[in-house]
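S.K.: next input, structure requested:
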Amino acid sequence: MSDTLERRVEALEAELRELKTEVRAKKRPPDWTKTIGWAKDDPLYEEAMRLGRAYREKQRRDAGS
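M.R.: Predicted structure coming up:
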């Protein structure tokens, strides 16, 4: 029993090492250029930007009072 268990654990450890190597090889730093234009012509994004702008403007006005 323990001989079989040892072999199974060794096989799992070998597979885990292989998977870790594959995952490490695939990791790349994020490419910010892929996000350019993702919200082009999106009315919800435009509305969010408008609301954010209005909020910042109100904060500036309130701070000046």
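S.K.: all helices for this protein, in order.
M.R.: 2-26, 43-64 (DSSP state H).
S.K.: let's have those helices in a markdown table, adding mean neighbour count.
M.R.: Just so you know, the C-beta spots here come from the backbone N, C-alpha and C atoms, and that holds for glycine as well. Converted to a markdown table, the helices of the chain look like this (neighbours: other Cβ atoms under 10 Å):
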| stretch | mean neighbour count |
| --- | --- |
| helix 2-26 | 9 |
| helix 43-64 | 10 |
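S.K.: which of those sits closest to Gly37?
M.R.: With respect to Gly37, and counting by Cβ to Cβ, the nearest of these is helix 43-64 at 11.0 Å.
S.K.: so what touches the closest one?
M.R.: By Cβ atoms under 8 Å, 6 or more residues apart in numbering, the residues outside helix 43-64 that reach it are Ala39.
S.K.: so for Trp32, which of the helices of the chain sits nearest?
M.R.: Closest to Trp32 of the helices of the chain is helix 43-64 (Cβ to Cβ; 17.1 Å).
S.K.: using PDB, write out every CA atom in that closest one.
M.R.: Output in PDB follows, covering the C-alpha atoms of helix 43-64 (Å, rounded to 0.1, in the frame of the first residue of the first chain):
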ATOM      1  CA  PRO A  43     -22.500  55.600 -23.700                       C
ATOM      2  CA  LEU A  44     -22.200  54.200 -20.200                       C
ATOM      3  CA  TYR A  45     -18.500  55.100 -20.100                       C
ATOM      4  CA  GLU A  46     -19.200  58.600 -21.500                       C
ATOM      5  CA  GLU A  47     -21.900  59.100 -18.800                       C
ATOM      6  CA  ALA A  48     -19.400  57.900 -16.100                       C
ATOM      7  CA  MET A  49     -16.800  60.400 -17.300                       C
ATOM      8  CA  ARG A  50     -19.400  63.200 -17.400                       C
ATOM      9  CA  LEU A  51     -20.600  62.500 -13.800                       C
ATOM     10  CA  GLY A  52     -17.000  62.300 -12.600                       C
ATOM     11  CA  ARG A  53     -16.200  65.600 -14.200                       C
ATOM     12  CA  ALA A  54     -19.300  67.200 -12.600                       C
ATOM     13  CA  TYR A  55     -18.400  65.800  -9.200                       C
ATOM     14  CA  ARG A  56     -14.800  67.200  -9.400                       C
ATOM     15  CA  GLU A  57     -16.100  70.600 -10.500                       C
ATOM     16  CA  LYS A  58     -18.500  70.700  -7.600                       C
ATOM     17  CA  GLN A  59     -15.800  69.700  -5.200                       C
ATOM     18  CA  ARG A  60     -13.600  72.600  -6.500                       C
ATOM     19  CA  ARG A  61     -16.500  75.000  -6.200                       C
ATOM     20  CA  ASP A  62     -17.400  73.900  -2.700                       C
ATOM     21  CA  ALA A  63     -13.700  74.100  -1.600                       C
ATOM     22  CA  GLY A  64     -13.600  77.700  -2.800                       C
END
